[in-house]
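Chemist: need coordinates for the following:
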Amino acid sequence: MTYRARHARIAPAIPPRARSAESSRARRGTVLLIIAAVTFMLALARFAVHLAEPSFLARMFDLGIYRDGGLIVRHAYHFRSGHPTPLYAWVSPGGGNPFTYPPFAAGIFAAASFLAPAALQWWMTALSLGALIAAVWMTMDSSGVPKSRIRTAAVVAVCAVALWTEPVQSNFGLGQINLLLMAAIIWDLRPAGAGGRAGQAGRAGRWWTGAATGIAAGIKLTPLIFIPYLLVTRRFRQAAVAAGAFAATAGIGFAVMPGASMAYWRSGLFDRANGSPRANLEFFFASAWNQSLRGVLSRVMQHAQLAAGPWLIAALLTAVVGILSAAWLHKDGFPMLGLATCALTGLLISPISWLHHWVWVAPWLAALTAMAIRSRGAGRRSWTVMAVLIGLVFADGPTLAFITGSQRELNVVTDVPMKHPLSWHGIELLAGNVYVLAGLAGLLAVFGWGVARAFQPGRIMTAVPDAAPGPAGLRSGQAVPTSEAGT
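Modeler: Numbers count the residues shown, from 1 in each chain. Reported below is the predicted structural model:
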């Protein structure tokens, strides 16, 4: 007998019951994967039909503004007057919208403007679709769900549902960059390690963690909300890197475009934030497409300026509750739920949150689905119901049309008189502000869940064990005793 044969370890026999359960789980995963794949193909086919419409690419209005801004930076824009117009004094020829992004973003758009409009539109569509899939996959991967067919099926199913939501459809239709920025932030701030074990503090081993978030904020200011989130979760180095990267983008803007940078940071930014005549109020604050706290208050009070005071108070309270809730979730070992909660907080408190800003519904759906997979019993049902409700609220379909009386096949937000938001009354106020109402309800639910976990007798607020035992690893209402706490 050889040495290897004498010292070989005999594999323990697998009990028949365990083997049967594993086989049943594999079969269930295969069935779910097939169903999810069919659903995704149907959603993709619907998207392809819209993409094939001659007017689809022509409607990418925001992408056109990006390209025009880039052409202005390159001094390649055709001005009828024969004299170049400053970047922040220019408005688009068709819709009267100004260029509202920081100068650093204009520099990036200048590089993209070398592409022909049609090529740029196809590239943006392909990259946005890839970013959506990547964001969902990273969220699921970092939520503690073990690799399995069930996890793959969940990723495919969430991508299918996300493709049917109004924010995602709006991003494709307008040629917006929100999906790209969202995927970059998730990649930057998600927990480290393959499989995304719950409870890890983040990608602490990489010194540049936070840089992508700071650069994203330099392109579009809304990701700045993640810097206080990093500070509250005691990730000071990551917060410093993010702040430094953002400052670097502003410095690059001043170095390359000093005049435009001075105009933006000194007056242009505040003109838009304060709602001055230069800000084109028709598309701001009281607009039905502005699904933020300030938008809701402006519509309810029927005056954008009068709503500024109440909005500041509401935004401050929401920011405190939202950042605290996100920090609790991170500390308790639910980092992706914490990240999504921080993003939700930013959407609510921002003075402007257009429909297409709410693409964070995709990682929210992925995080809730992951919690449902990891839970049992009543917990699994609760997470599943929450995911379904969110999918219905943001669905791009005739949701609740029977309540609003609209015959148009649009979602609940756009099943109201969108061009006359100050005339809303009764059920229209609920339907027209449903994104904000759903966001507030979700934020309060997360906050209440954190308080309940904090006061569980004999338990501490801590992480689910890293080695969560498969799809049914987290029982309903389970908290981890001190002796079992993950790090």
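Chemist: okay, now the unreliable bits of this protein?
Modeler: 1-26, 54-58, 76-84, 92-96, 192-205, 267-283, 397-419, 457-487 (pLDDT under 70).
Chemist: just give me the residue right at the centre of it.
Modeler: The residue lying closest to the centre of the chain (CA atoms, centre = their mean) is Trp360, at 1.9 Å.
Chemist: in contact with it, which residues?
Modeler: Residues near Trp360 by CB atoms under 8 Å, 6 or more residues apart in numbering: 182, 340, 343-344, 347. Where C-beta positions appear, they are placed from N, C-alpha and C, glycine not excepted.
Chemist: with Thr213 instead?
Modeler: For Thr213, the contact set (CB under 8 Å, 6+ apart) comprises 184-185, 188-189, 223, 226-227, 242, 245.
Chemist: what do you get if the cut-off is 7 Å, keeping everything else the same?
Modeler: By CB atoms under 7 Å, 6 or more residues apart in numbering, the contact set of Thr213 is 185, 188-189, 223, 226, 242.
Chemist: just the closest of these to Asp68, please.
Modeler: Pro223 (23.7 Å; CB to CB).
Chemist: give the helix, strand or coil label for that closest one.
Modeler: Secondary structure, DSSP: H, G, I helix; E, B strand; the rest coil: Pro223 is helix.
Chemist: might one say that it is in contact with Ala212?
Modeler: No. Between Pro223 and Ala212 there is no contact under CB atoms under 7 Å: 9.3 Å.
Chemist: number of nearby residues for Val385?
Modeler: 12 (other CB atoms under 10 Å).
Chemist: scan the chain for its longest helix.
Modeler: Longest helix in the chain by number of residues (criterion: DSSP state H): helix 16-52.
Chemist: ok, Ala343 - contacts?
Modeler: Contacts of Ala343 by CB under 7 Å, 6+ apart are Trp360.
Chemist: repeat that for Ala211.
Modeler: 241, 245.
Chemist: Leu115 too?
Modeler: Residues in contact with Leu115 (CB under 7 Å, 6+ apart) are Trp123.
Chemist: and it, that's in a strand?
Modeler: No. Checked against three-state DSSP, Leu115 lies outside a strand; its state is coil.
Chemist: tell me the spacing between it and Ile252.
Modeler: Look at Leu115 and Ile252: by CB to CB, to the nearest Å, they are 22 Å apart.
Chemist: now do Ala370
Modeler: 37 Å.
Chemist: swap in Val31?
Modeler: Val31 is 52 Å from Ile252, where distance means CB to CB.
Chemist: cool, and Gly130?
Modeler: Gly130 is 26 Å from Ile252, by CB to CB.
Chemist: so which of the two has more stuff around it?
Modeler: Each of Gly130 and Ile252 has its neighbours counted (other CB under 10 Å); Ile252 has more, 16 against 13.
Chemist: one step back: any common contacting residues for Pro223 and Ala212?
Modeler: What both Pro223 and Ala212 touch, as defined by CB under 7 Å, 6+ apart, is the set Ile185.
Chemist: hmm, back to that, helices - which of the contacts of Thr213 land there?
Modeler: Per DSSP H, those map to helices at 185, 188-189, 226, 242.
Chemist: can you show me the CA trace of the helix or strand hosting Val385 as CSV?
Modeler: Assigned by DSSP states H and E, Val385 belongs to helix 377-393. Listed in CSV are the C-alpha atoms of helix 377-393, where the atom choice follows Å, rounded to 0.1, in the frame of the first residue of the first chain:
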residue,chain,number,x,y,z
GLY,A,377,-40.6,31.6,7.8
ALA,A,378,-42.3,34.9,8.5
GLY,A,379,-39.0,36.8,7.9
ARG,A,380,-38.8,35.4,4.3
ARG,A,381,-42.4,36.3,3.6
SER,A,382,-41.9,39.8,5.0
TRP,A,383,-38.8,40.5,2.8
THR,A,384,-40.5,39.1,-0.2
VAL,A,385,-43.6,41.2,0.3
MET,A,386,-41.5,44.3,0.6
ALA,A,387,-39.6,43.5,-2.6
VAL,A,388,-42.9,42.9,-4.5
LEU,A,389,-44.4,46.2,-3.2
ILE,A,390,-41.4,48.2,-4.3
GLY,A,391,-41.5,46.5,-7.7
LEU,A,392,-45.1,47.5,-8.1
VAL,A,393,-44.6,51.1,-7.0
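Chemist: so how far is that helix off the chain centroid?
Modeler: 18 Å (CA atoms, centre = their mean, to the nearest Å).
Chemist: by contact count, what packs against it?
Modeler: helix 361-374, helix 434-454 (3 or more CB pairs under 7 Å, 6 or more residues apart in numbering; DSSP states H and E).
Chemist: could you tell me the angle between the first one and helix 377-393?
Modeler: If you take axes from the mean of the first three to the mean of the last three CA atoms, to 10 degrees, helix 361-374 sits at 160 degrees to helix 377-393.
Chemist: tilt between helix 361-374 and helix 434-454?
Modeler: Here the directions of helix 361-374 and helix 434-454 differ by 40 degrees (the same axes, to 10 degrees).
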